[in-house]
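**Student:** Please work out how this folds:
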Amino acid sequence: MTRQPRPIPPHQARPPMGWNSWDCYGTTVTEDEVLANAVFMRDHLLAHGWDTVVVDIQWYEPTARAHGYNTDAPVVLDAYGRQLPAPNRFPSAAAGAGFAPLAQRVHDLGLRFGLHIMRGIPRRAVAARLPVAGTGFTADEVADTGSVCPWNSDNYGLNHDHPGAQAYYDSQVAQFADWGVDFVKADDMLFPYHEREIAAYALAIERSGRPIELSLSPGTDVSLARLDHLREHATMWRICDDLWDRWEDVEAQFARMARWAPWQSERGWADADMLPLGHVGIRAERGEDRLCSLTHAEQTSLLTLWLISRSPLMMGGDLPTSPPETIDLLTNDEALAVLWHSRDNREVLRERDLVLWTAGDVDGRTRYAAVFSLADAPSRVAVPLGSIGAGADHHVREVWTRGDVPHDGRDLRLELPAHGACLFRLTPPGTPA
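**Tutor:** Numbering: from 1, shown residues only. From the prediction side, this is the model:
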């Protein structure tokens, strides 16, 4: 049976969905590559809820390279120490235009435009004692030179006991708003947890007058104890370090998302990280040019976990050169409905290699269940219907295969591949298709 997709909820009522340049292009993405992915998204993914294009780190670095960062990089700054796109990579940014022309082209495709930024103020602005826009202060006065990122040498932190620190963030975000930025991924915010930096950045967004979503990374020092602060200031926050196309990375997310899933809501989203699917590693930080190293079963498990735990979805592979099988996974509306319409999502069983998750639907009748095998070999499992919230008369549909699943009124009997998953829609009699 072909089912009509349910309407996609308003953007603020669901986790963000988009494409990010990091997994395929690392620090080196170009304007043409961003636009190629934006056009593909418009043509193939927008109708399925994917609507945000994000330029990741070092867009202001003209000498950026694959597999790492340049020390003392010659970052492009304006007269007030604010980053500007490197014109050799983003030609439309010439003559001080910034990202405004590129953002407009993305908007003209019906999409939203986002960018990555590092915490703090560029070290080159501090060394040059550049003025902070709208103040009588200079960069060296507002910087905290003892606060540095352990993996990127571009910036110092800000001294938030100095009024010029907030003024710097205000001016930076005001420029982003003028360019038409809709989404900011702010990095080096969560390791350790920089409470004052996060609050200052959120305030700068509020003062900009533009509804910019704030995403926080990298996530290695974030806990549920921070939930209220995170919800107050951000749209989404990472709960791990960078995730790549390795099963051990995916498997580690089961425990993390089990902790966070009960708290997911329009008040904010715990982020299991980008989807390293399709064509990755083209000029990336890790690995060589390749298709995703996860098996198809592992890719299905990854997406199933992200959906049932309601994580944001940020595709990391290059869309135009990813295989059709990847695009099919990303555009399965029956599966995406779990992300959009589920509630009360939680892990309900973890026994040896078997993991079960359940969720309800906002319609009050439909239920969802995900069955995962963490085993290294194919396995047969019998899942009692009661353990996933279904009765003997429930209709069971597996949404990845788009097929109805017979059962004996007691158990679902499944054959799962190594590291495989099934995602079920469970409906009582009389539920509309």
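
**Student:** Next, the contact list for N152, please.
**Tutor:** Listed by Cβ atoms under 8 Å, 6 or more residues apart in numbering, the contact partners of N152 are I57, Y69, M118, D187, D188. Where you see a C-beta, it was placed from the backbone N, CA and C, and this is true even at glycine.

**Student:** Apologies, that question was intended for D221.
**Tutor:** By Cβ under 8 Å, 6+ apart, the contact set of D221 is L190, F191, P192, Y193.

**Student:** Now render these as CSV, adding secondary structure, distance to V75 and pLDDT.
**Tutor:** Putting the contacts of D221 into CSV (DSSP: H, G, I helix; E, B strand; the rest coil; distance: Cβ to Cβ, whole Å; pLDDT from 0 to 100) gives the following:
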residue, secondary structure, distance to V75, pLDDT
L190, strand, 23, 96
F191, coil, 22, 91
P192, coil, 24, 94
Y193, strand, 26, 96
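
**Student:** neighbouring contacts of stretch 168-176?
**Tutor:** For stretch 168-176, the surrounding residues in contact (Cβ under 8 Å, 6+ apart) are 78, 80-83, 98-99, 115, 117, 121, 132-134, 139, 142, 158, 184, 200-201, 203-205, 207-208, 210, 212.

**Student:** at 6 Å what do you get?
**Tutor:** Outside of stretch 168-176, the residues within contact range by Cβ atoms under 6 Å, 6 or more residues apart in numbering are R82, I121, V132, A133, V142, A200, Y201, A204, I205, R207, S208.

**Student:** between the contacts of N152, which is closest to Q299?
**Tutor:** Distance to Q299, by Cβ to Cβ, is smallest for I57 among the contacts of N152, at 24.9 Å.

**Student:** so how many other residues sit close to that closest one?
**Tutor:** Using other Cβ atoms under 10 Å, the number of residues around I57 comes to 24.

**Student:** Going forward, count from 351.
**Tutor:** Sure thing, new numbering starts at 351, so read that last one as I407.

**Student:** so where's this structure uncertain?
**Tutor:** The model of the chain has pLDDT under 70 over residues 351-352, 783.

**Student:** biggest strand in it, by residue count?
**Tutor:** Longest strand in the chain by number of residues (criterion: DSSP state E): strand 692-701.

**Student:** what are the ranges of the helices in this structure?
**Tutor:** 372-375, 381-390, 450-458, 473-477, 489-492, 513-529, 545-558, 577-583, 597-610, 646-658, 674-680, 683-691 (DSSP state H).

**Student:** Most neighbours of all the contacts of stretch 518-526, which one?
**Tutor:** The member of those surrounded by the most neighbours (other Cβ under 10 Å) is I471, with 29 neighbours in all.

**Student:** hmm, which of the contacts of D571 are the buried ones?
**Tutor:** Buried members of the contacts of D571, scored by 16 or more other Cβ atoms under 10 Å, are L540, F541, Y543.

**Student:** Let's have those in a markdown table, adding distance to P441.
**Tutor:** As requested, those are arranged in a markdown table below (distance: Cβ to Cβ, whole Å):
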| residue | distance to P441 |
| --- | --- |
| L540 | 34 |
| F541 | 35 |
| Y543 | 38 |
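
**Student:** any idea which of those is closest to Y718?
**Tutor:** For the buried ones among the contacts of D571, the residue nearest Y718 by Cβ to Cβ is L540; the value is 29.6 Å.

**Student:** looking at it, the closest one is touching G569, isn't it?
**Tutor:** Yes - L540 lies in contact with G569 (Cβ atoms under 6 Å); the separation is 5.2 Å.

**Student:** buried ones in the longest strand of the chain?
**Tutor:** S692, N695, E697.

**Student:** what residues does it touch?
**Tutor:** Applying Cβ under 6 Å, 6+ apart, the contact partners of strand 692-701 are A608, A611, P612, I658, R660, L706, W707, T708, A709, G710, Y718.

**Student:** Need the buried ones from those selected in PyMOL.
**Tutor:** Per 16+ other Cβ under 10 Å, the buried members of the contacts of strand 692-701 correspond to this PyMOL selection:
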select buried, resi 608+611+658+660+706+707+708+709+710+718
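
**Student:** Closest one of the contacts of strand 692-701 to A517?
**Tutor:** Proximity of the contacts of strand 692-701 to A517 (Cβ to Cβ) peaks at R660, which lies at 36.6 Å.

**Student:** Okay, domains of the chain per the record?
**Tutor:** As given by automatic domain parsing, the domain ranges for the chain are 361-681, 697-777.

**Student:** Can you tell me which of these is most buried?
**Tutor:** Per residue and on average, the most neighbours among those fall to domain 361-681, with a mean of 20 (mean count of other Cβ atoms under 10 Å).

**Student:** What distance separates the opening and closing residues of it?
**Tutor:** Distance between the boundary residues of domain 361-681 (Cα to Cα, to the nearest Å) amounts to 17 Å.

**Student:** so who does V600 touch?
**Tutor:** By Cβ under 6 Å, 6+ apart, the contact set of V600 is L652.

**Student:** And the closest residue to G618 other than its chain neighbours, how close does it get to S573?
**Tutor:** Spatially, and ignoring its direct neighbours in sequence, G618 is nearest to R581 (4.2 Å; Cβ to Cβ, 6 or more residues apart in numbering). Applying Cβ to Cβ, to the nearest Å, the value for R581 to S573 is 14 Å.
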